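In: fold the following and give me the result.
(2 chains)
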2 protein chains.
Amino acid sequence: MSSEPNLLAELVEALRCLPGVGAKSAQRMAFHLLERDRDGGIRLAAVLDQAMRRIGHCRSCRNFSETDQCAICASSSRDASQVCVVETPADLLAIEQATGYRGRYFVLMGRLSPLDGLGPQELGAELLAGTLATGEVREMVIATNPTVEGEATAHWLGQLARAAGVRATRLAHGVPLGGELEYVDRGTLAHAFGSRQDLGD
Amino acid sequence: MSSEPNLLAELVEALRCLPGVGAKSAQRMAFHLLERDRDGGIRLAAVLDQAMRRIGHCRSCRNFSETDQCAICASSSRDASQVCVVETPADLLAIEQATGYRGRYFVLMGRLSPLDGLGPQELGAELLAGTLATGEVREMVIATNPTVEGEATAHWLGQLARAAGVRATRLAHGVPLGGELEYVDRGTLAHAFGSRQDLGD
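Out: Presented below is the predicted three-dimensional model:
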(Lines give C-alpha, C1' and ligand atoms only; values in the text may rest on other atoms or scores of the structure.)
Protein backbone atom coordinates (compact mmCIF):
# COMPACT_ATOMS: atom_id res chain seq x y z
CA MET A 1 0.00 0.00 0.00
CA SER A 2 2.90 2.33 0.74
CA SER A 3 6.24 2.23 -1.03
CA GLU A 4 7.89 2.45 2.43
CA PRO A 5 9.23 -0.95 3.53
CA ASN A 6 7.28 -2.57 6.35
CA LEU A 7 9.84 -2.53 9.17
CA LEU A 8 7.76 -4.59 11.55
CA ALA A 9 7.34 -7.41 9.03
CA GLU A 10 11.07 -7.21 8.26
CA LEU A 11 11.90 -7.45 11.95
CA VAL A 12 9.68 -10.53 12.41
CA GLU A 13 11.30 -12.12 9.37
CA ALA A 14 14.84 -11.28 10.56
CA LEU A 15 14.18 -12.73 14.03
CA ARG A 16 13.46 -16.08 12.41
CA CYS A 17 17.17 -16.55 11.76
CA LEU A 18 17.40 -17.45 15.47
CA PRO A 19 17.25 -21.21 16.08
CA GLY A 20 13.93 -22.48 17.38
CA VAL A 21 12.12 -19.25 16.52
CA GLY A 22 9.15 -19.63 14.19
CA ALA A 23 6.73 -17.06 12.82
CA LYS A 24 4.64 -16.89 15.98
CA SER A 25 7.53 -16.54 18.44
CA ALA A 26 9.24 -14.02 16.18
CA GLN A 27 6.09 -11.90 16.22
CA ARG A 28 5.84 -12.19 19.99
CA MET A 29 9.49 -11.14 20.35
CA ALA A 30 9.04 -8.13 18.06
CA PHE A 31 5.94 -6.92 19.91
CA HIS A 32 7.56 -7.50 23.29
CA LEU A 33 10.59 -5.40 22.39
CA LEU A 34 8.52 -2.64 20.80
CA GLU A 35 6.08 -2.43 23.69
CA ARG A 36 8.30 -3.06 26.65
CA ASP A 37 12.00 -3.02 26.01
CA ARG A 38 13.19 -0.74 23.24
CA ASP A 39 16.43 -0.01 25.07
CA GLY A 40 17.11 -3.72 25.38
CA GLY A 41 16.41 -4.12 21.67
CA ILE A 42 18.80 -1.32 20.73
CA ARG A 43 21.49 -2.76 23.01
CA LEU A 44 20.97 -6.23 21.54
CA ALA A 45 21.29 -4.80 18.02
CA ALA A 46 24.59 -3.12 18.85
CA VAL A 47 26.13 -6.12 20.64
CA LEU A 48 24.91 -8.50 17.95
CA ASP A 49 26.45 -6.45 15.17
CA GLN A 50 29.78 -6.19 17.02
CA ALA A 51 29.80 -9.88 17.91
CA MET A 52 29.07 -11.01 14.35
CA ARG A 53 31.84 -8.82 12.97
CA ARG A 54 34.54 -9.12 15.60
CA ILE A 55 34.39 -12.62 17.10
CA GLY A 56 36.86 -14.91 15.38
CA HIS A 57 38.74 -17.98 16.53
CA CYS A 58 41.57 -18.29 19.05
CA ARG A 59 44.78 -19.08 17.18
CA SER A 60 45.76 -21.69 19.77
CA CYS A 61 42.55 -23.61 20.53
CA ARG A 62 40.09 -22.50 17.81
CA ASN A 63 37.46 -21.49 20.39
CA PHE A 64 35.46 -18.32 19.69
CA SER A 65 37.41 -15.26 20.76
CA GLU A 66 37.42 -11.60 19.85
CA THR A 67 41.13 -11.47 20.62
CA ASP A 68 43.90 -13.27 18.80
CA GLN A 69 44.24 -15.70 21.69
CA CYS A 70 41.34 -16.58 23.99
CA ALA A 71 41.36 -15.87 27.72
CA ILE A 72 41.97 -19.52 28.64
CA CYS A 73 44.93 -19.98 26.29
CA ALA A 74 46.37 -16.61 27.34
CA SER A 75 46.06 -17.39 31.04
CA SER A 76 49.23 -18.47 32.81
CA SER A 77 47.21 -20.15 35.56
CA ARG A 78 45.92 -22.89 33.22
CA ASP A 79 47.90 -26.12 33.06
CA ALA A 80 49.48 -26.46 29.61
CA SER A 81 50.26 -30.14 30.18
CA GLN A 82 46.59 -31.09 29.69
CA VAL A 83 44.50 -30.43 26.62
CA CYS A 84 40.83 -31.33 26.54
CA VAL A 85 39.48 -31.81 23.00
CA VAL A 86 35.80 -30.92 22.52
CA GLU A 87 33.55 -30.68 19.50
CA THR A 88 32.01 -27.26 20.12
CA PRO A 89 32.43 -24.09 22.20
CA ALA A 90 29.20 -25.09 24.00
CA ASP A 91 30.84 -28.33 25.13
CA LEU A 92 33.81 -26.33 26.41
CA LEU A 93 31.51 -24.06 28.43
CA ALA A 94 29.66 -27.07 29.86
CA ILE A 95 32.94 -28.59 31.07
CA GLU A 96 34.16 -25.26 32.46
CA GLN A 97 30.93 -24.84 34.42
CA ALA A 98 30.63 -28.42 35.69
CA THR A 99 34.17 -29.47 36.45
CA GLY A 100 37.25 -28.12 38.17
CA TYR A 101 39.40 -28.78 35.09
CA ARG A 102 42.29 -26.32 34.95
CA GLY A 103 44.02 -27.42 31.76
CA ARG A 104 43.64 -26.05 28.25
CA TYR A 105 41.23 -26.92 25.47
CA PHE A 106 41.13 -27.60 21.80
CA VAL A 107 37.86 -26.98 19.97
CA LEU A 108 37.34 -29.03 16.82
CA MET A 109 34.35 -26.88 15.71
CA GLY A 110 32.70 -30.06 14.52
CA ARG A 111 33.30 -33.80 14.32
CA LEU A 112 34.62 -36.13 11.63
CA SER A 113 31.81 -36.30 9.14
CA PRO A 114 32.92 -37.02 5.58
CA LEU A 115 29.40 -36.59 4.21
CA ASP A 116 29.40 -32.98 5.46
CA GLY A 117 32.88 -32.44 4.09
CA LEU A 118 34.41 -32.40 7.58
CA GLY A 119 37.75 -34.19 7.62
CA PRO A 120 40.82 -33.82 9.85
CA GLN A 121 41.87 -30.68 8.00
CA GLU A 122 38.59 -28.86 8.75
CA LEU A 123 38.87 -29.86 12.42
CA GLY A 124 42.27 -28.24 12.78
CA ALA A 125 44.35 -31.45 12.76
CA GLU A 126 47.49 -29.57 11.81
CA LEU A 127 47.14 -27.04 14.65
CA LEU A 128 46.42 -29.80 17.17
CA ALA A 129 49.37 -31.89 15.96
CA GLY A 130 51.54 -28.80 16.32
CA THR A 131 50.37 -28.33 19.92
CA LEU A 132 51.12 -31.97 20.73
CA ALA A 133 54.53 -31.74 19.05
CA THR A 134 55.72 -28.97 21.41
CA GLY A 135 56.25 -31.66 24.06
CA GLU A 136 54.40 -29.56 26.65
CA VAL A 137 51.25 -31.69 26.58
CA ARG A 138 51.24 -34.87 28.67
CA GLU A 139 47.53 -35.78 28.56
CA MET A 140 44.84 -35.37 25.93
CA VAL A 141 41.34 -35.63 27.44
CA ILE A 142 39.03 -36.67 24.61
CA ALA A 143 35.58 -35.21 25.30
CA THR A 144 33.80 -35.75 21.98
CA ASN A 145 30.14 -36.72 22.11
CA PRO A 146 29.24 -40.39 22.53
CA THR A 147 27.64 -40.51 19.07
CA VAL A 148 28.80 -42.56 16.10
CA GLU A 149 30.62 -39.59 14.61
CA GLY A 150 31.96 -38.52 18.00
CA GLU A 151 33.34 -42.03 18.57
CA ALA A 152 35.03 -42.01 15.16
CA THR A 153 36.51 -38.63 16.02
CA ALA A 154 37.71 -39.96 19.39
CA HIS A 155 39.38 -42.88 17.63
CA TRP A 156 41.20 -40.53 15.26
CA LEU A 157 42.24 -38.27 18.18
CA GLY A 158 43.59 -41.31 20.03
CA GLN A 159 45.79 -42.11 17.04
CA LEU A 160 47.04 -38.50 16.91
CA ALA A 161 47.95 -38.67 20.60
CA ARG A 162 49.67 -42.02 20.23
CA ALA A 163 51.72 -40.73 17.30
CA ALA A 164 52.88 -37.81 19.46
CA GLY A 165 53.58 -40.03 22.47
CA VAL A 166 50.88 -38.28 24.52
CA ARG A 167 48.60 -40.14 26.95
CA ALA A 168 44.97 -40.10 25.72
CA THR A 169 42.02 -40.37 28.09
CA ARG A 170 38.28 -40.44 27.40
CA LEU A 171 35.34 -39.23 29.51
CA ALA A 172 33.68 -42.13 31.33
CA HIS A 173 30.39 -43.38 29.87
CA GLY A 174 27.68 -45.05 31.90
CA VAL A 175 24.51 -44.52 33.86
CA PRO A 176 23.99 -40.78 34.55
CA LEU A 177 23.94 -39.71 38.21
CA GLY A 178 20.39 -39.53 39.51
CA GLY A 179 19.15 -41.63 36.58
CA GLU A 180 16.98 -44.66 37.18
CA LEU A 181 18.15 -47.88 35.57
CA GLU A 182 14.61 -48.55 34.40
CA TYR A 183 14.66 -45.45 32.21
CA VAL A 184 18.26 -45.52 30.97
CA ASP A 185 18.49 -46.41 27.27
CA ARG A 186 19.67 -49.91 26.38
CA GLY A 187 22.91 -48.88 24.73
CA THR A 188 24.03 -46.90 27.78
CA LEU A 189 23.00 -49.67 30.16
CA ALA A 190 24.81 -52.32 28.13
CA HIS A 191 27.94 -50.16 28.05
CA ALA A 192 27.74 -49.44 31.79
CA PHE A 193 27.28 -53.14 32.52
CA GLY A 194 30.21 -54.15 30.32
CA SER A 195 32.43 -51.45 31.85
CA ARG A 196 31.54 -52.30 35.46
CA GLN A 197 34.33 -51.51 37.88
CA ASP A 198 35.64 -53.04 41.09
CA LEU A 199 34.39 -51.44 44.26
CA GLY A 200 37.23 -49.61 45.98
CA ASP A 201 38.22 -50.65 49.51
CA MET B 1 41.62 -12.09 32.61
CA SER B 2 41.81 -9.52 29.80
CA SER B 3 40.61 -5.94 30.09
CA GLU B 4 38.83 -6.42 26.76
CA PRO B 5 35.10 -6.94 27.29
CA ASN B 6 33.88 -10.46 26.62
CA LEU B 7 31.68 -9.95 23.57
CA LEU B 8 30.32 -13.48 23.54
CA ALA B 9 29.11 -13.25 27.15
CA GLU B 10 27.62 -9.84 26.39
CA LEU B 11 25.78 -11.23 23.38
CA VAL B 12 24.34 -14.11 25.42
CA GLU B 13 23.25 -11.65 28.09
CA ALA B 14 21.71 -9.24 25.55
CA LEU B 15 19.74 -12.04 23.85
CA ARG B 16 17.98 -12.69 27.15
CA CYS B 17 15.93 -9.53 26.67
CA LEU B 18 13.89 -11.60 24.21
CA PRO B 19 10.78 -13.12 25.81
CA GLY B 20 11.02 -16.83 26.59
CA VAL B 21 14.79 -16.88 26.12
CA GLY B 22 16.79 -18.09 29.12
CA ALA B 23 20.52 -18.53 29.60
CA LYS B 24 20.66 -21.84 27.76
CA SER B 25 18.65 -20.78 24.70
CA ALA B 26 20.53 -17.48 24.51
CA GLN B 27 23.79 -19.40 24.40
CA ARG B 28 22.44 -21.71 21.71
CA MET B 29 21.30 -18.71 19.66
CA ALA B 30 24.68 -16.99 19.97
CA PHE B 31 26.60 -20.09 18.92
CA HIS B 32 24.19 -20.80 16.08
CA LEU B 33 24.61 -17.31 14.64
CA LEU B 34 28.39 -17.32 15.08
CA GLU B 35 28.86 -20.74 13.54
CA ARG B 36 26.24 -20.76 10.84
CA ASP B 37 24.58 -17.47 10.09
CA ARG B 38 26.71 -14.37 10.60
CA ASP B 39 25.03 -12.61 7.71
CA GLY B 40 21.62 -13.28 9.25
CA GLY B 41 22.89 -11.94 12.56
CA ILE B 42 24.21 -8.75 11.00
CA ARG B 43 20.94 -8.25 9.11
CA LEU B 44 18.95 -8.87 12.29
CA ALA B 45 21.08 -6.31 14.14
CA ALA B 46 20.45 -3.67 11.48
CA VAL B 47 16.70 -4.26 11.20
CA LEU B 48 16.32 -4.46 14.98
CA ASP B 49 18.08 -1.15 15.51
CA GLN B 50 15.99 0.56 12.84
CA ALA B 51 12.75 -0.94 14.13
CA MET B 52 13.40 0.08 17.74
CA ARG B 53 14.20 3.64 16.71
CA ARG B 54 11.70 4.27 13.93
CA ILE B 55 8.52 2.36 14.71
CA GLY B 56 6.02 4.60 16.45
CA HIS B 57 2.25 4.59 16.60
CA CYS B 58 -0.27 5.41 13.89
CA ARG B 59 -1.90 8.74 14.70
CA SER B 60 -5.34 7.38 13.80
CA CYS B 61 -5.49 3.87 15.28
CA ARG B 62 -2.44 3.68 17.60
CA ASN B 63 -1.17 0.51 15.91
CA PHE B 64 2.59 0.20 15.44
CA SER B 65 3.67 2.03 12.32
CA GLU B 66 6.88 3.56 11.03
CA THR B 67 4.85 6.12 9.14
CA ASP B 68 2.63 8.80 10.61
CA GLN B 69 -0.45 6.84 9.58
CA CYS B 70 -0.44 3.03 9.22
CA ALA B 71 -1.12 1.26 5.93
CA ILE B 72 -4.64 0.23 6.99
CA CYS B 73 -5.72 3.71 8.08
CA ALA B 74 -4.13 5.25 4.98
CA SER B 75 -5.84 2.79 2.63
CA SER B 76 -8.90 4.06 0.79
CA SER B 77 -10.12 0.51 0.25
CA ARG B 78 -10.87 -0.01 3.94
CA ASP B 79 -14.38 0.71 5.14
CA ALA B 80 -14.31 3.70 7.48
CA SER B 81 -17.80 2.99 8.76
CA GLN B 82 -16.54 0.07 10.86
CA VAL B 83 -13.93 0.25 13.56
CA CYS B 84 -12.73 -2.90 15.34
CA VAL B 85 -11.25 -2.22 18.77
CA VAL B 86 -8.51 -4.64 19.88
CA GLU B 87 -6.16 -4.75 22.84
CA THR B 88 -2.88 -5.33 21.03
CA PRO B 89 -1.27 -5.22 17.58
CA ALA B 90 -1.01 -9.03 17.78
CA ASP B 91 -4.82 -9.23 18.11
CA LEU B 92 -5.17 -7.00 15.06
CA LEU B 93 -2.88 -9.26 13.04
CA ALA B 94 -4.80 -12.34 14.15
CA ILE B 95 -8.08 -10.81 12.95
CA GLU B 96 -6.51 -9.66 9.68
CA GLN B 97 -5.20 -13.15 9.01
CA ALA B 98 -8.31 -15.08 10.05
CA THR B 99 -11.20 -12.97 8.85
CA GLY B 100 -12.26 -11.05 5.78
CA TYR B 101 -12.85 -7.88 7.81
CA ARG B 102 -12.31 -4.81 5.63
CA GLY B 103 -13.00 -2.04 8.12
CA ARG B 104 -10.55 -0.07 10.23
CA TYR B 105 -9.08 -0.76 13.65
CA PHE B 106 -8.34 0.94 16.91
CA VAL B 107 -5.58 -0.52 19.07
CA LEU B 108 -5.88 0.17 22.80
CA MET B 109 -2.29 -1.01 23.47
CA GLY B 110 -3.59 -2.58 26.69
CA ARG B 111 -6.80 -3.06 28.65
CA LEU B 112 -8.41 -1.24 31.53
CA SER B 113 -6.27 -2.20 34.50
CA PRO B 114 -6.22 0.39 37.27
CA LEU B 115 -3.64 -1.59 39.26
CA ASP B 116 -1.17 -1.23 36.37
CA GLY B 117 -2.06 2.44 35.98
CA LEU B 118 -3.96 1.80 32.75
CA GLY B 119 -7.10 3.93 32.58
CA PRO B 120 -9.13 5.31 29.65
CA GLN B 121 -6.53 8.01 29.05
CA GLU B 122 -3.69 5.51 28.56
CA LEU B 123 -5.85 3.49 26.16
CA GLY B 124 -6.41 6.48 23.88
CA ALA B 125 -10.00 7.23 24.94
CA GLU B 126 -9.76 10.77 23.61
CA LEU B 127 -8.54 9.70 20.17
CA LEU B 128 -11.20 6.99 19.95
CA ALA B 129 -13.96 9.38 21.03
CA GLY B 130 -12.74 11.80 18.37
CA THR B 131 -12.98 9.07 15.72
CA LEU B 132 -16.51 8.19 16.81
CA ALA B 133 -17.49 11.88 16.85
CA THR B 134 -16.69 12.33 13.17
CA GLY B 135 -19.99 10.59 12.37
CA GLU B 136 -18.26 8.34 9.82
CA VAL B 137 -18.33 5.27 12.05
CA ARG B 138 -21.54 3.23 12.16
CA GLU B 139 -20.36 0.10 13.95
CA MET B 140 -17.78 -0.52 16.65
CA VAL B 141 -16.71 -4.18 16.77
CA ILE B 142 -15.41 -4.82 20.28
CA ALA B 143 -12.74 -7.51 20.11
CA THR B 144 -11.15 -7.31 23.55
CA ASN B 145 -10.13 -10.57 25.17
CA PRO B 146 -12.73 -12.56 27.13
CA THR B 147 -10.85 -12.02 30.40
CA VAL B 148 -12.06 -10.09 33.43
CA GLU B 149 -10.12 -7.00 32.38
CA GLY B 150 -11.08 -7.43 28.75
CA GLU B 151 -14.76 -7.62 29.73
CA ALA B 152 -14.46 -4.47 31.81
CA THR B 153 -12.82 -2.78 28.85
CA ALA B 154 -15.60 -4.01 26.55
CA HIS B 155 -18.18 -2.56 28.93
CA TRP B 156 -16.45 0.81 28.90
CA LEU B 157 -16.15 0.74 25.10
CA GLY B 158 -19.87 -0.03 24.84
CA GLN B 159 -20.63 3.08 26.87
CA LEU B 160 -18.35 5.17 24.63
CA ALA B 161 -20.17 3.88 21.54
CA ARG B 162 -23.58 4.47 23.04
CA ALA B 163 -22.63 8.05 23.95
CA ALA B 164 -21.63 8.64 20.34
CA GLY B 165 -24.74 6.95 18.96
CA VAL B 166 -22.67 4.20 17.33
CA ARG B 167 -23.82 0.58 17.21
CA ALA B 168 -21.54 -1.62 19.32
CA THR B 169 -21.04 -5.33 18.58
CA ARG B 170 -18.99 -7.96 20.38
CA LEU B 171 -17.23 -11.07 19.07
CA ALA B 172 -19.32 -14.20 19.73
CA HIS B 173 -18.18 -16.39 22.60
CA GLY B 174 -18.85 -20.10 22.77
CA VAL B 175 -17.51 -23.53 22.00
CA PRO B 176 -14.50 -23.27 19.64
CA LEU B 177 -14.85 -24.94 16.23
CA GLY B 178 -13.38 -28.43 16.27
CA GLY B 179 -13.48 -28.46 20.08
CA GLU B 180 -15.01 -31.38 21.92
CA LEU B 181 -17.63 -30.48 24.52
CA GLU B 182 -16.00 -32.89 26.96
CA TYR B 183 -12.82 -30.83 26.98
CA VAL B 184 -14.24 -27.30 26.82
CA ASP B 185 -13.81 -25.42 30.11
CA ARG B 186 -16.90 -24.95 32.27
CA GLY B 187 -17.16 -21.19 31.92
CA THR B 188 -17.14 -21.35 28.14
CA LEU B 189 -19.62 -24.21 28.11
CA ALA B 190 -21.99 -22.44 30.51
CA HIS B 191 -21.79 -19.29 28.38
CA ALA B 192 -22.36 -21.21 25.14
CA PHE B 193 -25.34 -23.01 26.69
CA GLY B 194 -26.86 -19.78 27.96
CA SER B 195 -26.35 -18.06 24.61
CA ARG B 196 -27.81 -20.92 22.52
CA GLN B 197 -29.39 -19.76 19.31
CA ASP B 198 -32.34 -20.84 17.21
CA LEU B 199 -31.49 -23.06 14.30
CA GLY B 200 -32.05 -21.19 11.05
CA ASP B 201 -34.52 -22.61 8.54
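In: give the pairing partners of the strand ranked longest in chain A; include direction for each.
Out: In chain A, taking DSSP state E as the definition, the longest strand is strand A:79-86. Here strand A:79-86 is paired, per DSSP bridges, with strand A:103-107 (parallel), strand A:139-142 (parallel).
In: buried stuff in that strand?
Out: Neighbour-count burial for strand A:79-86, counted by 16 or more other CB atoms under 10 Å in any protein chain shown, picks out A:82-86. To be clear about C-beta, it is placed using only N, CA and C from the backbone, and glycine gets the same treatment.
In: likewise stretch A:147-166?
Out: Across stretch A:147-166, burial judged by 16+ other CB under 10 Å covers A:149-151, A:153-154, A:156-157, A:160-161, A:164, A:166.
In: so how far is that stretch off the chain centroid?
Out: Here the centre of stretch A:147-166 is set off from its chain's centre by 17 Å, with CA atoms, centre = their mean, to the nearest Å.
In: do stretch A:91-106 as well
Out: The chain centroid and the centroid of stretch A:91-106 are separated by 10 Å, computed with CA atoms, centre = their mean.
In: okay, how far is it across it, tip to tip?
Out: Taking CA to CA, to the nearest Å as the measure, stretch A:91-106 stretches 11 Å from start to finish.
In: now do that stretch: everything it contacts.
Out: A:60-63, A:72-73, A:77-86, A:107, A:124, A:127-128, A:131, A:139, A:141, A:143, A:145, B:27 (CB atoms under 8 Å, 6 or more residues apart in numbering or on different chains).
In: ditto for stretch A:9-20
Out: Contact partners of stretch A:9-20, identified using CB under 8 Å, 6+ apart, comprise A:21-23, A:25-27, A:29-30, B:18, B:25, B:28-29, B:32-33, B:37, B:40-41, B:43-44, B:47-48, B:51.
In: just so I have it, where are all the helices in chain A?
Out: Assigned by DSSP state H, the helices in chain A fall at A:7-15, A:23-36, A:38-54, A:71-74, A:89-98, A:125-133, A:148-163, A:186-194.
In: residue closest to the middle of chain A?
Out: residue A:88 (1.9 Å; CA atoms, centre = their mean).
In: how is chain A divided into domains?
Out: Following automatic domain parsing, one gets these domains for chain A: A:4-54, A:64-198.
In: pLDDT of the last one, averaged?
Out: Averaging pLDDT along domain A:64-198 gives 92.
In: starting at the chain centroid, how far to that domain?
Out: With CA atoms, centre = their mean as the basis, domain A:64-198 stands 10 Å off its chain's centre.
In: and that domain, end to end?
Out: 41 Å.
In: so how many other residues sit close to the residue nearest to residue A:37 when sequence neighbours are not counted?
Out: Distances taken as CB to CB, 6 or more residues apart in numbering or on different chains place residue B:17 nearest to residue A:37, at 5.4 Å, with adjacent residues excluded. Residues near residue B:17, counting by other CB atoms under 10 Å in any protein chain shown, number 19.
In: hang on, the earlier thing: list the contacts of the residue nearest to the centre of chain A.
Out: Contacts here follow CB under 8 Å, 6+ apart; on that basis residue A:88 touches A:107-110, B:31, B:35.
In: distance to residue A:96 and neighbour count added to those residues, as a markdown table?
Out: Below are those laid out as a markdown table (distance: CB to CB, whole Å; neighbours: other CB atoms under 10 Å in any protein chain shown):
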| residue | distance to residue A:96 | neighbour count |
| --- | --- | --- |
| A:107 | 12 | 23 |
| A:108 | 16 | 23 |
| A:109 | 17 | 17 |
| A:110 | 20 | 18 |
| B:31 | 14 | 19 |
| B:35 | 18 | 14 |
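In: with distance to residue B:170 added, can I get these in JSON lines?
Out: Below are these laid out as JSON lines (distance: CB to CB, whole Å):
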{"residue": "A:107", "distance to residue B:170": "59"}
{"residue": "A:108", "distance to residue B:170": "61"}
{"residue": "A:109", "distance to residue B:170": "58"}
{"residue": "A:110", "distance to residue B:170": "57"}
{"residue": "B:31", "distance to residue B:170": "48"}
{"residue": "B:35", "distance to residue B:170": "51"}
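In: and those, which two are furthest apart?
Out: Pairwise distances across the contacts of residue A:88 peak at 14.0 Å for A:108 and B:31 (criterion: CB to CB).
In: picking up where we left off before, most tightly packed of the strands paired with strand A:79-86?
Out: strand A:103-107 (a mean of 23; mean count of other CB atoms under 10 Å in any protein chain shown).
In: quick one: stretch A:194-201 to chain centroid distance?
Out: Here stretch A:194-201 is found 31 Å from its chain centre; the criterion is CA atoms, centre = their mean.
In: got the contact list for that stretch?
Out: With CB under 8 Å, 6+ apart as the test, stretch A:194-201 has contacts from A:172-174.
In: of the residues you listed, grab the buried ones for PyMOL.
Out: Command for PyMOL that selects the buried part of those, burial taken from 16+ other CB under 10 Å:
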select buried, chain A and resi 174
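In: relative to residue A:114, which of the contacts of stretch A:194-201 is nearest.
Out: Closest to residue A:114, out of all of the contacts of stretch A:194-201 and judged by CB to CB, is residue A:173, at 24.2 Å.
In: residue contacts, that closest one?
Out: The contact partners of residue A:173, taken as CB under 8 Å, 6+ apart, are A:146, A:188, A:191-192, A:195.
In: would you format those residues as JSON lines with neighbour count included?
Out: Shown next, in JSON lines, are the contacts of residue A:173 (neighbours: other CB atoms under 10 Å in any protein chain shown):
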{"residue": "A:146", "neighbour count": "13"}
{"residue": "A:188", "neighbour count": "16"}
{"residue": "A:191", "neighbour count": "14"}
{"residue": "A:192", "neighbour count": "18"}
{"residue": "A:195", "neighbour count": "10"}
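In: quickly note the distance from residue A:176 to chain B.
Out: Distance, residue A:176 to chain B, by CB to the nearest CB, to the nearest Å: 18 Å.
In: give me the neighbour count for that residue.
Out: Taking other CB under 10 Å as the criterion, the count of residues near residue A:176 is 10.
In: surely it is in contact with residue A:183?
Out: No: look at residue A:176 against residue A:183 with CB atoms under 8 Å: they stay out of range, at 10.1 Å.
In: follow-up on the earlier one: winner for burial among the domains of chain A?
Out: domain A:4-54 (a mean of 18).
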